[in-house]
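Q: kindly generate the corresponding structure for this input.
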Amino acid sequence: MTQLASGPAGTKATRSSGRKPAAKKADPGTPAPGTPATDKAVSDEAAPDQAASDKAASDQAVSDKAASNGQKRADAPSPAAADGASEASEAVMGLDMLLVDAAQGPLRRLIPPAGTALRFGSALARQPKTVAGRAGELAREVARIAKGSSELAPAKKDRRFADPAWSGNGLLRRAMQLHLATARTAWELIEDADLDWQDDERIRFTATNLVDALAPSNVPVLNPLSLKAAIDTGGKSAVRGVKQMVSDLAKPPRVPSMVDPDAFSVGEDLANTPGAVVFRTEVFELIQYTPTTEKVRAVPLVMVPPTINKFYVADLAPGRSIVEHYVASGQQVFMMSWRNPDERHAEWDMDTYGQAVIDAMDAVEQVTGSDKVTLQGFCSGGIITAMVLAHLAATGRQDRVAAFSLAVTVLDWARAGTIAALMDEESVKAATEKSRKKGYLDGAQLAEVFAWLRPNDLVWNYWVNNYLQGKRPPNFDILFWNSDTTRMTAGLHRDFIDISIGNTLTEPGRATMLGTPVDLSTVTVDSYITAGIADHICPWQACYRSTQLLGGESRFILSTNGHIASLVNPPGNPKSTFQVSDSTPAEPAAWLTSAETVQGSWWPDFMDWLGDRSGEEVPAPTSLGGPLDVLAEAPGTYVFDK
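A: Predicted coordinates:
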C-alpha cells in the first residue's frame with residue numbers, strides 16, 4: 001500500500017535552523033501501554049523513546065546547514081526517515097514567537113494574513129492546468145477509495161490509525177483514506193504555488209492545523225477506540241469525556257489535560273532532594289542542597305533555571321533528578337528558585353533578574369567561602385546567565401566564574417525559528433502592550449501555545465484519550481511540571497522580545513546588562529553547551545551558534561530527545577546517547593560530521609568536565625547555610641506560589 005507520512009510531505013524550506021507516561025506515581029518516567037504518547041510533550045517533548053525522531057533529525061542535518069544560512073530546504077522527512085517522521089513537517093517555534101503568541105493567543109496564526117491568502121490563491125489561479133490536474137488526481141483516488149481498491153495507508157508510526165479497525169472495517173478505512181488523499185492534495189497544491197518561504201510557512205502552518213483537526217480519528221462516531229469504550233462502559237466513557245471537556249475548556253489553557261493536577265506532590269514526589277533555603281530576596285530563593293559524599297568540590301555550582309515554569313525541572317522524581325545526580329557526584333549545588341510574579345512586579349526586567357544572579361553568587365560565596373562559582377543556565381535562564389557573564393567581563397570581575405554551562409539556550413536568534421515568517425512588527429507591539437497593561441504574561445497562555453505547537457501529540461492525542469475514551473491522562477513528571485505554570489513580568493517579557501527580535505546579543509553593545517554593554521566575545525571562561533536533536537523550541541543548530549559567539553573554549557553536546565527530555569536524560573536509559581566532538585567549527589553541519597556518538601547520558605560527562613574546573617575536593621559541610629540562617633527546608637516557599 002502507498003504509505004503517507006502524517007505531516008505535509010514535501011514541505012518547503014524556511015529560514016529556521018532546524019525546525020515544547022506512567023500509570024503510577026512510583027514510576028513517573030515510563031509511559032503506560034496504550035496511553036497517549038507524551039513525545040515532545042512540553043516544550044517539547046517528553047517520551048522516553050525518541051530513536052525515530054532523533055534519526056529523522058540527524059538525517060536532515062546537512063540540509064539544515066542551508067537552512068541556517070537563510071536558504072530554503074525541504075522540511076519533509078528524508079527518505080531514510082520518511083515513515084512516520086512527522087517531526088520534519090512541524091514548524092519550529094523559538095522562544096521569541098512563544099512570547100508573542102502567549103500574549104496574543106496561538107490561534108491567531110490559524111488564519112493566514114490576507115495578503116498571504118491572496119498570493120496563494122493568485123499563484124494557483126495562474127496554474128489552472130496544474131490545479132485541474134490535482135483535482136483530477138484526487139477525484140480518481142476518491143473513486144478508488146469508494147470501490148475499495150485504494151492503496152493509501154498511513155505512515156507506520158501514525159498512532160491515530162493504529163487500531164486494526166481502521167484497516168479492517170470498510171467504512172473506517174474509506175474515511176481514513178479520504179482524509180489522507182485530501183491532505184496529500186493540500187500539500188501538493190502548496191508546493192505547486194511555489195510561494196516565498198514566508199508565505200509558504202504561513203500557509204503550511206494553517207494547513208497542518210486544519211488537516212490535523214479534521215482527521216476522522218477525532219470524530220467520536222468514527223474512532224473505534226471511542227466506540228469500543230462506549231460499548232465496554234455502557235456509555236459511561238462518553239459521560240466522563242464530556243465532563244472532562246467541560247472542565248478543561250472552562251479555564252486556561254483550554255486544551256485537553258495532559259496530566260492529573262494531583263498526580264504528584266511538590267516536595268514529596270518531585271523537588272524532594274534534601275536541602276534548605278539559605279538566602280531569599282523578593283525575586284528568588286536560594287536553595288543549598290545537602291551533600292551526600294564525604295568530600296565535595298571546592299568550587300560550588302549555581303543553577304539558574306528558566307523564568308518560564310519552575311525550577312524543579314532540574315529536580316524531578318528520584319532517579320530522574322539532575323540535582324540529585326550532581327550532588328551524588330560530589331558537586332556542591334545551589335539552585336535559584338524564582339518567585340512567581342504578579343502585577344505588583346510588572347517593572348522587573350532583565351536587569352532585575354541579572355542582578356538576582358549576582359546576588360545569588362554573592363550569597364554562595366558567603367556560604368562556602370569560595371571566591372569562585374560555576375554557573376549553569378537553562379533556556380531563558382541561560383540567556384540571563386550569558387548576559388551576566390558579559391557584564392562581569394566588562395566590569396573586570398569575570399574571574400568570579402570558573403566555568404559555565406548553557407542548556408537548550410539560544411543566543412543567536414536570527415537562525416532560531418520562523419519569526420520573520422509568522423510574526424510582524426504589529427504583532428510584537430500588540431503582544432508587549434497586552435502584557436504591559438496586565439503587568440505580566442500568564443503562564444497558562446504559554447501552556448496553550450506549547451500545546452498547539454504539536455497539535456497531534458499535545459492536543460488531539462489527549463482529545464481522543466480524555467474525551468472520546470473517557471480516560472484520565474497518564475501521570476508523567478515532566479508534564480506535571482509543565483502544567484505548573486508561572487507568570488513572566490511585563491518588563492522581562494518586553495526585554496526578551498526586544499533581544500530576540502533585534503538579535504541584539506550577536507552584535508557587541510546592542511544589548512546591555514546592568515548598564516554595561518553586552519559583548520559575548522569577551523566571555524572567555526570555558527563553557528559546556530547542551531542541546532536536543534529533536535528540540536523544536538531551541539533548535540540544536542541555533543544552540544550551537546553560541547560556540548561561535550562566546551570567547552572561551554566550548555564543549556558542545558547534542559543529546560537525544562527534544563527540549564526538556566534532552567535535559568531530563570538520566571543515566572541508565574539504554575536508548576540514550578549524545579554526540580560530541582573535540583572541535584567547534586563555524587557550521588553546525590560540519591560539527592555533526594566530526595562528532596562521535598557516545599552511549600548513555602551526558603550528565604556524567606558534564607560532571608567530569610565540571611570537576612576539572614571546580615578545584616580540589618574538600619570536606620563536605622556538616623551544616624547548611626554557613627554564616628547565613630536557614631530560612632526553610634527545600635524546596636522552599638516560592639515554588640508553591642500560584
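Q: distance of the nearest residue to residue 640 once chain neighbours are set aside from residue 477?
A: Counting by C-beta to C-beta, 6 or more residues apart in numbering, residue 266 is the residue found nearest to residue 640 once chain neighbours are left out, at 6.8 Å. For the C-beta atoms, the positions are set from N, CA and C on the backbone; glycine is no exception. Separation of residue 266 from residue 477 (C-beta to C-beta, to the nearest Å): 11 Å.
Q: more neighbours, these two?
A: Counted by other C-beta atoms under 10 Å, residue 266 and residue 477 do not tie: residue 477 has more neighbours, with 26 against 17.
Q: quick one, phi/psi of the more buried one?
A: Here is the backbone geometry of residue 477 (degrees, to the nearest 10): phi -60, psi -40.
Q: okay, and the beta partners of residue 337?
A: Legend: beta-bridge partners of residue 337 under DSSP bridges are residue 285.
Q: let me see the contact set for it.
A: Each residue near residue 337 by C-beta atoms under 8 Å, 6 or more residues apart in numbering is listed here: 277, 284-287, 305, 310-311, 635-636, 638-639.
Q: so it versus residue 263, what's the distance?
A: Look at residue 337 and residue 263: by C-beta to C-beta, they are 21 Å apart.
Q: now do residue 193
A: The gap separating residue 193 from residue 263 is 45 Å, by C-beta to C-beta.
Q: I'd say residue 445 and residue 254 touch.
A: No. Here residue 445 lies out of contact with residue 254, judged by C-beta atoms under 8 Å, at a distance of 9.9 Å.
Q: sort out which residues of the lengthiest helix in the chain are buried, please.
A: Criterion DSSP state H: the longest helix present in the chain is helix 170-193. Across helix 170-193, burial judged by 16 or more other C-beta atoms under 10 Å covers 172-181, 183-191, 193.
Q: same question, stretch 537-557
A: By 16+ other C-beta under 10 Å, the buried positions in stretch 537-557 come out as 537-552, 554-557.
Q: got the end-to-end distance for it?
A: By C-alpha to C-alpha, to the nearest Å, the extent of stretch 537-557 from end to end equals 17 Å.
Q: again, but for stretch 152-164
A: With C-alpha to C-alpha as the measure, the first residue of stretch 152-164 is 15 Å from its last.
Q: tell me the mean pLDDT for that stretch?
A: For stretch 152-164, the mean pLDDT works out to 93.
Q: from residue 385, how far off is residue 240?
A: To residue 385, residue 240 is 45 Å away according to C-beta to C-beta.
Q: more neighbours, those two?
A: Higher neighbour count among residue 240 and residue 385: residue 385, with 26 against 18, using other C-beta under 10 Å.
Q: tell me the secondary structure for the more buried one?
A: Classification of residue 385 using DSSP: H, G, I helix; E, B strand; the rest coil returns helix.
Q: please apply the same query to residue 403.
A: strand.
Q: and the pLDDT at it?
A: Looking at residue 403, its pLDDT stands at 98.
Q: burial measure for it, as a count.
A: By other C-beta under 10 Å, 23 other residues sit near residue 403.
Q: that one and residue 615 touch, don't they?
A: No. Assessed by C-beta under 8 Å, residue 403 is found out of contact with residue 615, at 10.8 Å.
Q: got the phi/psi numbers for residue 468?
A: Backbone torsions for residue 468, taken as degrees, to the nearest 10, come to phi -80, psi -40.
Q: one more: residue 114?
A: As for residue 114, its main-chain torsions (degrees, to the nearest 10) stand at phi -60, psi -40.
Q: tally of neighbours for it?
A: Other residues lying near residue 114 total 8 when counted by other C-beta under 10 Å.
Q: same question for the one 5 residues further on.
A: Burial measure for residue 119: 20 neighbouring residues, criterion other C-beta under 10 Å.
Q: which SS class is the nearest residue to it once chain neighbours are set aside?
A: Of all residues not flanking residue 119 in the chain, residue 199 sits nearest, at 5.5 Å (C-beta to C-beta, 6+ apart). Recorded secondary structure, residue 199: helix (three-state DSSP).
Q: so what's residue 199 up against?
A: Residue 199 touches 112, 116, 119-120, counting by C-beta under 8 Å, 6+ apart.
Q: mind running it again at 10 Å?
A: Residues in contact with residue 199 (C-beta atoms under 10 Å, 6 or more residues apart in numbering) are 112-113, 115-120, 123, 190, 193, 421.
Q: quick one: it and residue 430, what's the gap?
A: Distance from residue 199 to residue 430, by C-beta to C-beta: 21 Å.
Q: could you do residue 353 as well?
A: For residue 353, the distance to residue 430 - C-beta to C-beta - is 24 Å.
Q: the more surrounded of those two?
A: Each of residue 353 and residue 430 has its neighbours counted (other C-beta under 10 Å); residue 353 has more, 27 against 14.
Q: quick one: low-confidence ranges for the stretch 1-150 of the chain?
A: Applying pLDDT under 70 to the stretch 1-150 of the chain flags the ranges 1-110.
Q: same thing with the stretch 351-500 of the chain?
A: For the stretch 351-500 of the chain, residues meeting the criterion pLDDT under 70 lie at 415-427, 453.
Q: show me the strands in it, by range?
A: With DSSP state E, counting those that start in this stretch as the criterion, the stretch 351-500 of the chain has strands at 373-378, 401-407, 440-441, 488-489.
Q: can you give me the offset of the first one from its chain's centre?
A: Its chain's average C-alpha position is 20 Å from that of strand 373-378, according to C-alpha atoms, centre = their mean, to the nearest Å.
Q: each with direction, which strands does it pair with?
A: Here strand 373-378 is paired, per DSSP bridges, with strand 301-304 (parallel), strand 401-407 (parallel).
Q: can I get these in a markdown table with distance to residue 517?
A: Converted to a markdown table, those look like this (distance: least, C-beta to C-beta, whole Å):
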| stretch | distance to residue 517 |
| --- | --- |
| strand 301-304 | 21 |
| strand 401-407 | 18 |
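Q: of all those strands, which one comes closest to residue 151?
A: With C-beta to C-beta, the closest approach to residue 151 among those belongs to strand 401-407: 45.7 Å.
Q: where's that closest one relative to the chain centroid, distance-wise?
A: Strand 401-407 sits 21 Å away from the centroid of its parent chain (C-alpha atoms, centre = their mean).
Q: put the alpha carbons of it into PDB.
A: Output of strand 401-407 as PDB, limited to C-alpha atoms (Å, rounded to 0.1, in the frame of the first residue of the first chain):
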ATOM      1  CA  VAL A 401      33.300  32.400  37.400                       C
ATOM      2  CA  ALA A 402      35.400  29.300  36.900                       C
ATOM      3  CA  ALA A 403      33.200  27.800  34.200                       C
ATOM      4  CA  PHE A 404      29.600  27.900  33.000                       C
ATOM      5  CA  SER A 405      27.100  25.800  31.100                       C
ATOM      6  CA  LEU A 406      24.200  26.700  28.900                       C
ATOM      7  CA  ALA A 407      21.400  24.100  28.400                       C
END
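Q: tell me which residues touch the residue of the chain most remote from its centre, please.
A: For the chain, the residue at maximal distance from the C-alpha centroid (C-alpha atoms, centre = their mean) is residue 147, at 44.1 Å. Counting by C-beta under 10 Å, 6+ apart, residue 147 makes contact with residue 174.
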